[in-house]
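Chemist: sequence-free structure coming up:
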């Protein structure tokens, strides 16, 4: 019981470090804006983007001007449809006056009706900057005197939500609609891609497979990991909790090193000493980071140091490791969930379908996790049955490599 209490205290201590640490400064997103004026069967559009973002265009170097490069990029990137028929772009994008530091382009599209639903597809800049977001405002020309419609209707385009359907209700109000099935499918695919390309998350899953000796134990650990990262993914994606992003990424790297090291050290009773040494090293690294104006606050370094000491003290025998593993796995799952949420924070959730996007992404992460785990288990059994006896077991070799990888990630993210 004392081991469980120590591990529990350590987990909550580290969680408090992340929740109360000052959020790190976020990087500047690539953002653009458009204003659409619906006049009968025609739509006049003005597109605005920061001059710095426009320089990302690959044709800037060869074009005669940045206006030409931006206009060539935008022409054909907006596709409008009514009644399953394509609207016509009646005038190309040309530059118009804008405030300093921005470029503003205008164009004209001709459709078929002011009342039929309008499907807008936007592919501008999303293939250049994956985290690009675009805010569009749609207005009706004769709504100037109508206080409900004068401000227009705003929609958000992202790399994963490039289509919006705009329509006028019977009362004349403008609205947008995204089918739930489309949102679920789009964010499900995003979740699968994110987990299968997240080498740090996959490395931690391999560590869990090493710790669990039986299929039942593996199911318990994976379930705990899933519950942990599902909870914090929702909290962060819904902006309920905003942790320090740099500290989160560093802890994810540290979780790989700690769990991989535990696989070897717990058998020799060396975890208490290793935890103490790791805590001392963290304090020294924290001092160095503070002297060099590191982004992680002092509270983060001290809390992480205490966690390592408590974590090591809770595991004196292999039996202790098995008892503590579900709780520690759940605790580290909380931090990996914050890491998963980083992508959603950059891309954004679909307007009006926030829960659908969150559910689709989370299901995609879980499905991708299964796609990875099953082959790992099968390959592990195949290797175990066929490799000759060696001085070191294959698991020890893998654990050493994972521990080194985790230490590298931690130092790279927390210090360098």
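Modeler: Looks like it arrived, so ask away. Predicted, not measured: the structure shown is a model, and the values here were computed from it.
Chemist: which residues in the stretch 51-200 of the chain form helices?
Modeler: 51-54, 66-74, 180-197, 199-211 (DSSP state H, counting those that start in this stretch).
Chemist: where does residue 238 land on pLDDT?
Modeler: For residue 238, the pLDDT comes out at 81.
Chemist: now residue 121
Modeler: 92.
Chemist: how close does it sit to residue 110?
Modeler: Residue 121 sits 17 Å away from residue 110, going by C-beta to C-beta, to the nearest Å. For every residue, glycine as well, the C-beta is placed using N, CA and C.
Chemist: before we move on, what about residue 136?
Modeler: From residue 136 to residue 110 the distance is 18 Å (C-beta to C-beta).
Chemist: neighbour count winner among these two?
Modeler: In this view residue 136 and residue 110 are compared by other C-beta atoms under 10 Å, and residue 136 has more residues nearby, 23 against 14.
Chemist: got the contact list for that one?
Modeler: Shown in contact with residue 136 (C-beta atoms under 8 Å, 6 or more residues apart in numbering): 33-36, 120, 122, 154-157, 164.
Chemist: Can you name the residues bridging to the closest residue in space to residue 141 that isn't next to it in sequence?
Modeler: Closest residue to residue 141 apart from its sequence neighbours, by C-beta to C-beta, 6 or more residues apart in numbering: residue 39 at 4.2 Å. Beta-bridge partners for residue 39, by DSSP bridges, are residue 42.
Chemist: I figured residue 39 hits residue 139, correct?
Modeler: No: in this structure, residue 39 is not within contact of residue 139 by C-beta atoms under 8 Å, at 9.6 Å.
Chemist: Strands of this structure, start to end?
Modeler: For the chain, applying DSSP state E gives strands covering 31-39, 42-50, 78-82, 85-86, 88-96, 102-110, 118-122, 133-140, 153-157, 163-168, 174-177.
Chemist: separation between residue 129 and residue 157?
Modeler: 13 Å.
Chemist: So for the helix ranked longest in the chain, what gets flagged as buried?
Modeler: The residue-count maximum for a helix in the chain (DSSP state H) belongs to helix 354-386. Counting neighbours by 16 or more other C-beta atoms under 10 Å, one finds that the buried residues in helix 354-386 are 356-369, 372-373, 380.
Chemist: Between helix 180-197 and it, find me the angle.
Modeler: Interaxial angle, helix 354-386 versus helix 180-197 (axes from the mean of the first three to the mean of the last three C-alpha atoms, to 10 degrees): 40 degrees.
Chemist: and helix 354-386, what's its mean pLDDT?
Modeler: Rounded mean pLDDT across helix 354-386 is 83.
Chemist: Summarise which helices and strands it is packed against.
Modeler: Helix 354-386 sits against helix 180-197, helix 199-211, helix 215-237, helix 318-347, with contacts defined as 3 or more C-beta pairs under 8 Å, 6 or more residues apart in numbering; DSSP states H and E.
Chemist: thinking again about what came up before, name the nearest of the contacts of residue 136 relative to residue 218.
Modeler: Nearest to residue 218 among those: residue 156, at 40.0 Å, using C-beta to C-beta.
Chemist: Would you confirm that the closest one contacts residue 137?
Modeler: No: contact criterion C-beta under 8 Å: residue 156 and residue 137 do not qualify, at 10.7 Å.
Chemist: which residues sit against stretch 207-220?
Modeler: For stretch 207-220, contacts defined as C-beta under 8 Å, 6+ apart pick out 221-222, 225, 256, 259-260, 262-263, 321-322, 325-326, 329, 373, 376-377, 380, 395, 398-399, 402.
Chemist: Give me the buried entries from those residues.
Modeler: Neighbour-count burial (16+ other C-beta under 10 Å) applied to those gives 221-222, 225, 256, 259-260, 262-263, 321, 325-326, 329, 373, 380, 395, 398-399, 402.
Chemist: Please name the bridge partners of residue 136.
Modeler: Going by DSSP bridges, residue 136 is paired in beta bridges with residue 34, residue 155.
Chemist: Please report the distance of it from residue 232.
Modeler: Note on residue 136: its distance to residue 232, by C-beta to C-beta, is 31 Å.
Chemist: Give the residue spans of the chain that score low on pLDDT.
Modeler: For the chain, applying pLDDT under 70 flags the ranges 1-29, 142-151, 169-173, 176-179, 343, 345-348, 350-352, 383-392.
Chemist: burial of residue 332, as a residue count?
Modeler: 26.
Chemist: Tell me who's in contact with residue 318.
Modeler: 266-267.
Chemist: again with residue 325
Modeler: 211-212, 217, 221.
Chemist: Apply 10 Å and report the result again.
Modeler: The contact partners of residue 325, by C-beta atoms under 10 Å, 6 or more residues apart in numbering, come to 7, 208, 211-212, 217, 220-221, 224, 259, 262, 266, 315.
Chemist: Let me know the distance separating it from residue 254.
Modeler: From residue 325 to residue 254 the distance is 17 Å (C-beta to C-beta).
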